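Trainee: Next one to model:
(chains A and B)
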Amino acid sequence: MQEWSLSYRLGKGLRRLFRDKSGVMAFVGFAILLTYLIMAIFAPYLAPYDPVRRSGKAFSAPSKEHWFGTTNLGYDVLSRIIYGAKIALKIAFLAVAVAAAIGIPLGLISGYVGGAFDRILSMFMDAIYSFPGLILAIAIAAVLGPGVINVALSIAVIYAPTYFRVIRNQVASLKDQLFVEAARAMGARNFSILGRYILPNVLPSVIVVLSMNLADAIMTEAGLSFLGLGISPPTPDWGYDLSNGQRFLLLNYWWMILFPGLAIITIVLGFSLFSEGLNEFLNPNVGETRR
Amino acid sequence: MSLKWYIITRILLAVPMFFILLFMIFLVMRILPGDPVLAMLGGKAPMSVIEAKRHELGYDKPLLNQFGDYLLDIIKGDLGRSALTKRPIADEIADKLPATIELTIFGFIVALVIGIFWGAEATKRHGGVLDITGRVYAIFIYSIPVFWLGMLFQWFFGVKLKWLPIAGRISPLLRPDKITGMYLFDSLFTWNMPALKDASLHIILPSLALGLIISSVFLRMVRGNMVLMLSQDFVKAARARGIKENSVIYRHALKNAFVPIMTVMGLQLAALMAGAVLTETTFSWPGIGSYLVEKIRYRDFPAIQGTIAVYAIIVVAISIIVDIINALVDPRVRY
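Mentor: Numbers count the residues shown, from 1 in each chain, chains lettered A, B, ... in the order given. Below is the predicted model of the structure:
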């Protein structure tokens, strides 16, 4: 086979991907995420029923008409799970984007400038970082009230320090490297040193943190809405559906809690597998030590 | 430096850390575009009522003054008064705290036992059954929301099998005399066997749910640190001397891996407390987590702030304790 043919290169890439476990993990994670992404985007076409309209008898067990059963109000559980992917992903992406937008620039500047500014900012960021994230998010969400943007904001606050720390520490060690000094000697401005020389070097670790954070953000969102601090009902939301299902647990309606929970687990699992595989792929030397 | 001086400086250093933590949380809660008073009264209250409430709670003062009031309440020790019950918040929290501590202790024990033994055994054979299952377990359990696991337990052990109670700390009539407020210890001290049995049955499911969720982090951490330790020369030397593998793992490697493990475990206690909020809500466990959620439901912001301050105190206290234990175990830390 000729070396420059597309299929050859594709095959080589795939072989490389599946050479060890990390590639397989990343691939499985990616497949799960893709499924959920498609579910979220095409929810109106995929869901068998309207998620916020009575579609059958209340509390009907899983059957041919309702694969995952119905809720206390006769809503179709499967449809609610499909639509729920939309909310979960929307909030997670928004939260992580805001957290990164706060944490990355501050980390870059703080690490690059150094001195008192760096020390004070780090102190504040460490303070937030040391506090139990969910509890802080609960307090903030309580002040802000329900809604997609508000929930995303309360989650973003607790993850911003993660980006700050990762970036700041790397920048602090990179800024004295030879290639940065060379750039400076050639007359590059601070801004372009940060953007064109330092940022590309720290991005791989940021990507891993991003995908790991998405898993945590979905978990936190589920927790907030479980506590009644998420999106106002009846919008389909997995965490809310779980707390709703718990009210009828004693009556043995297990399908109301089993399926929304499995949705959360698989999507979080997807993000964790993906980020873990990605981590070993992008940063092979900082991964787990092998014997 | 002697141990005594190390402890004293460590505690003194914690004071600014505590205030920064409080200030930061206060700032974050106030800087964001939410209005506690509006949230408290709902959107339909007349302006005059809103203004009066704002004045009553001191929310019309400059931000720095408000922070001053907040600190004053903390220093006075009563954390201010609840906007709902008008009781000192410190008293209300003191009633709830033992339940949370009890749950956290047992959750921590579950996580610790699983984490240490599975983590250490997994390193015995790289790629062995325990190693692989351990890694799969850690990834899987990390993806499970603690409240979902709790509900599953409630459904299976409570509703299906009817083996265990699924809510509360104890049956109403069996409450032991109060010494610590932790029912298991109180009933043990007063030798109140029916209460001890009942309280034990109540704590099994919540502590198991909480502990299992946290155990994934412990397992990974113990395994990671042990792998590092086992590649060290002193392990090679111990093996060369013909010391049994069990002894090499537990008495040589694990002991030396203890300091990094302790440090991360201290940090994990924060995650444990966050998980406790969800666990308490799931199992109607009357601790400060349920208290916080209840106060949020009633929009009682002074009480929410007070509870957050208590969490801040706990976070700082844990970090001090972890450092002191590290200094005790490893004298090098003191310098």
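
Trainee: switch to C-alpha atoms for all contacts and neighbour counts from now on
Mentor: OK.

Trainee: So for the residue of the stretch 1-150 of chain A at minimum distance from chain B, what pLDDT did the model give?
Mentor: Nearest residue of the stretch 1-150 of chain A to chain B: A:L144, at 4.4 Å (CA to the nearest CA). Looking at A:L144, its pLDDT stands at 83.

Trainee: top helix in the chain by residue count?
Mentor: All of this is about chain A. helix A:77-113 (DSSP state H).

Trainee: Let me rephrase: I mean chain B.
Mentor: Secondary structure of chain B per DSSP H: the longest helix is helix B:193-230.

Trainee: ok, B:L278 to chain A distance?
Mentor: 7 Å (CA to the nearest CA, to the nearest Å).

Trainee: Tell me how many other residues surround A:A61.
Mentor: Counted with other CA atoms under 10 Å in any protein chain shown, residues neighbouring A:A61 total 17.

Trainee: where in the stretch 151-300 of chain B is pLDDT low?
Mentor: In the predicted model of the stretch 151-300 of chain B, no residue satisfies pLDDT under 70.

Trainee: Where does it get nearest to chain A, residue-wise?
Mentor: The nearest approach of the stretch 151-300 of chain B to chain A comes at B:A270, 4.9 Å away (CA to the nearest CA).

Trainee: residues touching that residue, list them.
Mentor: By CA atoms under 8 Å, 6 or more residues apart in numbering or on different chains, B:A270 lies in contact with A:130-132, B:315.

Trainee: Closest to the centroid, which residue in chain A?
Mentor: The C-alpha lying nearest the average C-alpha coordinate of chain A belongs to A:L214 (CA atoms, centre = their mean; 0.7 Å).

Trainee: helix or strand for that one, which one?
Mentor: Element membership for A:L214 (DSSP states H and E) is helix A:199-226.

Trainee: Just want the angle from that helix to helix A:77-113.
Mentor: Going by axes from the mean of the first three to the mean of the last three CA atoms, to 10 degrees, helix A:199-226 is angled at 140 degrees with respect to helix A:77-113.

Trainee: Quick check: buried residues in helix A:199-226?
Mentor: For helix A:199-226, the neighbour count (16 or more other CA atoms under 10 Å in any protein chain shown) marks A:199, A:202, A:204-206, A:208-226 as buried.

Trainee: And stretch B:55-65, by the same measure?
Mentor: Neighbour counts over stretch B:55-65 (16+ other CA under 10 Å) mark B:Y59 as buried.

Trainee: What ranges does the stretch 1-150 of chain A have for its helices?
Mentor: For the stretch 1-150 of chain A, the helices defined by DSSP state H, counting those that start in this stretch occupy A:6-17, A:21-41, A:43-46, A:77-113, A:115-130, A:133-144, A:148-174.

Trainee: is chain A contacted by whichever strand or helix holds B:Y70?
Mentor: Using DSSP H and E, the element containing B:Y70 is helix B:63-76. No - Helix B:63-76 lies apart from chain A when judged by CA under 8 Å from any CA of the partner chain; the minimum separation is 15.6 Å.

Trainee: How about residues contacting that helix?
Mentor: For helix B:63-76, contacts defined as CA under 8 Å, 6+ apart pick out B:23, B:26, B:58-59, B:79-80, B:306, B:309.

Trainee: can you do 7 Å?
Mentor: Contact partners of helix B:63-76, identified using CA atoms under 7 Å, 6 or more residues apart in numbering or on different chains, comprise B:58-59, B:79-80.

Trainee: any chance of the residues you listed in CSV, with secondary structure too?
Mentor: Conversion of the contacts of helix B:63-76 to CSV gives the following (DSSP: H, G, I helix; E, B strand; the rest coil):
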residue, secondary structure
B:G58, coil
B:Y59, coil
B:L79, coil
B:G80, coil
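
Trainee: Identify the farthest-apart pair in the residues you listed.
Mentor: For the contacts of helix B:63-76, the farthest-apart pair by CA to CA is B:Y59 and B:L79; their separation is 16.0 Å.

Trainee: separation between the closest residue in space to A:T70 that isn't next to it in sequence and A:W254?
Mentor: Spatially, and ignoring its direct neighbours in sequence, A:T70 is nearest to A:D76 (4.6 Å; CA to CA, 6 or more residues apart in numbering or on different chains). According to CA to CA, to the nearest Å, A:D76 and A:W254 sit 14 Å apart.

Trainee: and these two? which has more neighbours close in?
Mentor: For A:D76 versus A:W254, neighbours defined as other CA under 10 Å are more numerous around A:D76 (31 against 20).

Trainee: Please verify my assumption that that one contacts A:W67.
Mentor: No - at 8.5 Å, A:D76 does not count as touching A:W67 under the criterion of CA atoms under 7 Å.

Trainee: I'd assumed A:L229 was in a helix, is it?
Mentor: No - A:L229 is assigned coil when assessed by three-state DSSP, not a helix.

Trainee: thought it was touching A:P146?
Mentor: Yes - A:L229 is within contact range of A:P146, at 6.0 Å (criterion: CA under 7 Å).

Trainee: more crowded one of the two?
Mentor: Counted by other CA under 10 Å, A:L229 and A:P146 do not tie: A:L229 has more neighbours, with 28 against 17.

Trainee: What score does that one have for pLDDT?
Mentor: 87.

Trainee: any idea how far chain B is from it?
Mentor: 9 Å.

Trainee: OK, contacts around that residue?
Mentor: Contacts of A:L229 by CA under 7 Å, 6+ apart are A:141-142, A:146.

Trainee: In TSV: those residues, plus distance to chain B.
Mentor: Below are these laid out as TSV (distance: CA to the nearest CA, whole Å):
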residue	distance to chain B
A:A141	9
A:A142	6
A:P146	10
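
Trainee: how many other residues sit next to residue 186?
Mentor: All of this is about chain A. A:M186, neighbours per other CA under 10 Å, totals 9.

Trainee: Not quite, go with chain B.
Mentor: Using other CA under 10 Å, B:D186 is surrounded by 19 other residues.

Trainee: mind checking which helix or strand it is in?
Mentor: Secondary structure from DSSP H and E places B:D186 in helix B:183-189.

Trainee: Tell me which other helices or strands that helix touches.
Mentor: Helix B:183-189 sits against helix B:193-230, with contacts defined as 3 or more CA pairs under 7 Å, 6 or more residues apart in numbering or on different chains; DSSP states H and E.

Trainee: Any buried residues in the very next helix or strand once past the helix it packs on, and which?
Mentor: Downstream of helix B:193-230, the first helix or strand assigned by DSSP H and E is helix B:233-240. Judged by neighbour count (16+ other CA under 10 Å), helix B:233-240 contains these buried residues: B:235, B:238.

Trainee: Over to stretch A:165-181?
Mentor: Neighbour-count burial for stretch A:165-181, counted by 16+ other CA under 10 Å, picks out A:165-172, A:174-175, A:180.

Trainee: Repeat that for stretch B:130-145.
Mentor: Buried residues in stretch B:130-145, counted by 16+ other CA under 10 Å: B:130-131, B:134-135, B:137-145.
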